[in-house]
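Participant: Here is the input, now give the coordinates:
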Amino acid sequence: MNSAAKPPTILLVDDDAIVTSAIANLLELETDYRVLSHHNPVQALELARREPVDVAISDFLMPEMDGLQFFRELAKVAPDVPRILLTGYADKESAIAAINEVNLYQYLEKPWDNDHLKMVLRNAIEHRTMRQHLGERLRELDLALRDRESLRQSAERWEQELALAQQVQQSILPRRLTDHGRFRFYHRYYPTGLLGGDYYDIAVRGDGQFNAIVADVAGHGVPASLGTMLVKVMFWEASERGQCCDKMLAEMNRRLAAFMPRHQFVTAFVLNADGTSGAVTGASAGGPHPILMSRDNGAPTRLWVLNGLPLGVVPDSLYRGVEREDIRLRPGERILLYTDGLLDSRIDLGETFDPRELVGLVDSLRQLDGEELLERLAAARGVGGRALPDDVNLLLIDYE
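Facilitator: Numbering: from 1, shown residues only. From the prediction side, this is the model:
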């Protein structure tokens, strides 16, 4: 129970028993105050050390200690207790002079008016209660300011660590894609935040072939960016071993299922191509279907539909592999790989876009140069210049 819920306690000190008796009787009869009366100021101080009081009333002239000395000592014991001095008319000037010296709340002249005395006590108690509440609010404010400073420092550290993580993640993405054989590569990547969860790469093999990948690690931020690093390592190791697309995805699933946290997975499309003949093999692990098109030979623009489970969802023992298909590109044909962020780029605005609509849009742009095609495609989907709901990752592969 706090002090506000208890009856206020009044410490009353006067060497005149008639005074203490009169005031105590008045307050006990007409208020709910608890009155602690004493005739000796020294003993009253001892009492104040043992029991908390809300207001102190003291006579001015007393044998062992006058009222001002008593209040000085009381201030050491209970500094926030309002102090009221009872004084005779002859002592009035001394009492006024001592108001600031002992931080006197008020003085009352003898004989006092009972109603005025009760009003002064009521005001003194309210004054003390307000000061206590103010003190509590100030302490809470001080704690809040400390918490705010702590949060600010934490935010600064987090931003520094995030910037470092961003540098690390950007370092795993190719700065530029080098053309290989009769193939030309064009790319655009629009992360939804500082740390994206998409990955793309081209790995040229020693046998004249190359592997290409577009992958999307579920989620955003640090966990997803760490996932892209795993995917990069596995993609390059598999490429160096010369693994074909479906075998590469199966191996990646085996390792990701062992390392990735629950509820996190990777979708990907991987292709292997011969740098000169145009022979391409593709395999999908749950990613969006790539789009096949021709700049000028009249071949229809269409989805390259291959199915497969996302990576890291099921252990190797339950993984049933992915669909794989061999195609042969003719000069002027091209493949667009992308992540589902392209389809969902305006879903936060309530707009949906299905793969058939995307095929129509890409078909209208298919004769453009690779750089311009990607720029126009991104612009048409509202990508760039605003916060995206998901990463958008585009890789265009041209066969000349």
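Participant: all helices in the stretch 151-300 of the chain, in order from the N-terminus.
Facilitator: According to DSSP state H, counting those that start in this stretch, the stretch 151-300 of the chain carries its helices in the segments 221-240, 245-259.
Participant: any idea which of those scores lowest on pLDDT?
Facilitator: Here the lowest mean pLDDT among those goes to helix 221-240, at a mean of 87.
Participant: what are the phi and psi angles of Gly197?
Facilitator: phi -120, psi 10 (degrees, to the nearest 10).
Participant: Put together a markdown table for the helices of the stretch 151-300 of the chain, with mean neighbour count on each row.
Facilitator: (Glycine included, C-beta is placed from N, CA and C.) Putting the helices of the stretch 151-300 of the chain into a markdown table (neighbours: other CB atoms under 10 Å) gives the following:
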| stretch | mean neighbour count |
| --- | --- |
| helix 221-240 | 20 |
| helix 245-259 | 21 |
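Participant: Spit out the contact partners of the residue nearest to Leu256 when sequence neighbours are not counted.
Facilitator: Nearest non-adjacent residue to Leu256, counting by CB to CB, 6 or more residues apart in numbering: Gly312, 3.6 Å away. Going by CB atoms under 8 Å, 6 or more residues apart in numbering, Gly312 touches 253, 256-257, 260, 264-266.
Participant: In the residues you listed, find the pair that's most separated.
Facilitator: The most widely separated members of those, counting by CB to CB, are Asn253 and Gln264 (13.1 Å).
Participant: Neighbours of Ile57, how many?
Facilitator: If you count neighbours by other CB atoms under 10 Å, Ile57 ends up with 29.
Participant: That one reaches Ile84, doesn't it?
Facilitator: Yes. Counting by CB atoms under 8 Å, Ile84 is a contact partner of Ile57 at 4.7 Å.
Participant: Overlap of the contact sets of these two?
Facilitator: Shared contacts of Ile57 and Ile84 (CB under 8 Å, 6+ apart): Leu121.
Participant: can you tell me which residues contact Gln243?
Facilitator: Glu251.
Participant: next one: the one 3 residues further on
Facilitator: Counting by CB under 8 Å, 6+ apart, Asp246 touches 283, 321-324.
Participant: So which residues of the stretch 301-400 of the chain form strands?
Facilitator: With DSSP state E, counting those that start in this stretch, the ranges of strands along the stretch 301-400 of the chain come out as 302-303, 324-328, 333-338, 392-399.
Participant: Tell me how far the residue lying closest to Leu195 once chain neighbours are set aside lies from Ser239.
Facilitator: Distances taken as CB to CB, 6+ apart place Ser225 nearest to Leu195, at 4.1 Å, with adjacent residues excluded. To Ser239, Ser225 is 21 Å away according to CB to CB, to the nearest Å.
Participant: I'd like the helices of the stretch 151-300 of the chain as JSON lines, with distance to Asp15 appended.
Facilitator: Below are those laid out as JSON lines (distance: least, CB to CB, whole Å):
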{"stretch": "helix 221-240", "distance to Asp15": "75"}
{"stretch": "helix 245-259", "distance to Asp15": "86"}
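Participant: List just the one of those helices that sits closest to Arg122.
Facilitator: Per CB to CB, nearest to Arg122 of the helices of the stretch 151-300 of the chain: helix 221-240, 59.2 Å.
Participant: The closest one vs helix 245-259, what angle?
Facilitator: Interaxial angle of helix 221-240 relative to helix 245-259 (axes from the mean of the first three to the mean of the last three CA atoms, to 10 degrees): 140 degrees.
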